[in-house]
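Engineer: give me a 3D structure for the following:
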Amino acid sequence: MTSATTLTGGCLCGAVRFTAPAIRQMVVNCHCGMCRRFHGHYGAYVRGAADGLKFSEERGLAWYASSKEARRGFCRICGSSLFWHGTDHPYIAIAAGGLDQPTGFSTGQHIFVADKADYYEITDSLPQHEQW
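Structural biologist: Numbering: from 1, shown residues only. Next up, the predicted model:
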């Protein structure tokens, strides 16, 4: 993190490095089936401004159109999952695990809990939403 309102981060191998203005300083855990497959577990995201997303390194950046509604960004070299960007959304969801530490963020809620995997339980007291 370079400041309280600027997100910085990147992939495991360094072939993708980015900065983006933070929109909301809260992590949201998404338990939908697409996030589970993309991340290997649920997806933990923070919101950044899509028009403010800047890359200092993008040689590894690739995008996958996971549905008509969204695309997902990842590193084609090391496989790190990095972004979810909804069609025509003014924000981009940035994988919290790819952010530089410390973030100062905390997890605020769970979404798509109706789709969560059967191998774990959500045991915290945070709000849970069946869908979005």
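Engineer: list the contacts of the strand or helix carrying Gly9.
Structural biologist: Per DSSP states H and E, Gly9 falls inside strand 6-10. Applying CB atoms under 8 Å, 6 or more residues apart in numbering, the contact partners of strand 6-10 are 1-2, 16-22, 46, 48, 57, 82, 94, 98-100, 103. C-betas here are computed from N, CA, C, even on glycine.
Engineer: surely Gly48 meets Pro21?
Structural biologist: Yes: counting by CB atoms under 8 Å, Gly48 touches Pro21, with 6.4 Å between them.
Engineer: now for the chain: which strand has the highest residue count?
Structural biologist: strand 17-30 (DSSP state E).
Engineer: quick one: residues contacting the most centrally placed residue in the chain.
Structural biologist: Nearest to the mean C-alpha position of the chain, by CA atoms, centre = their mean, lies Ala95 at 2.5 Å. Applying CB under 8 Å, 6+ apart to Ala95 gives the contacts His39, Gly43, Ala44, Tyr45, Ser80, Ser81, Leu82, Phe83.
Engineer: please redo it, this time with the cut-off set to 10 Å
Structural biologist: If you count contacts by CB atoms under 10 Å, 6 or more residues apart in numbering, Ala95 has them with 9, 11, 27, 35, 38-39, 43-46, 72-74, 80-84.
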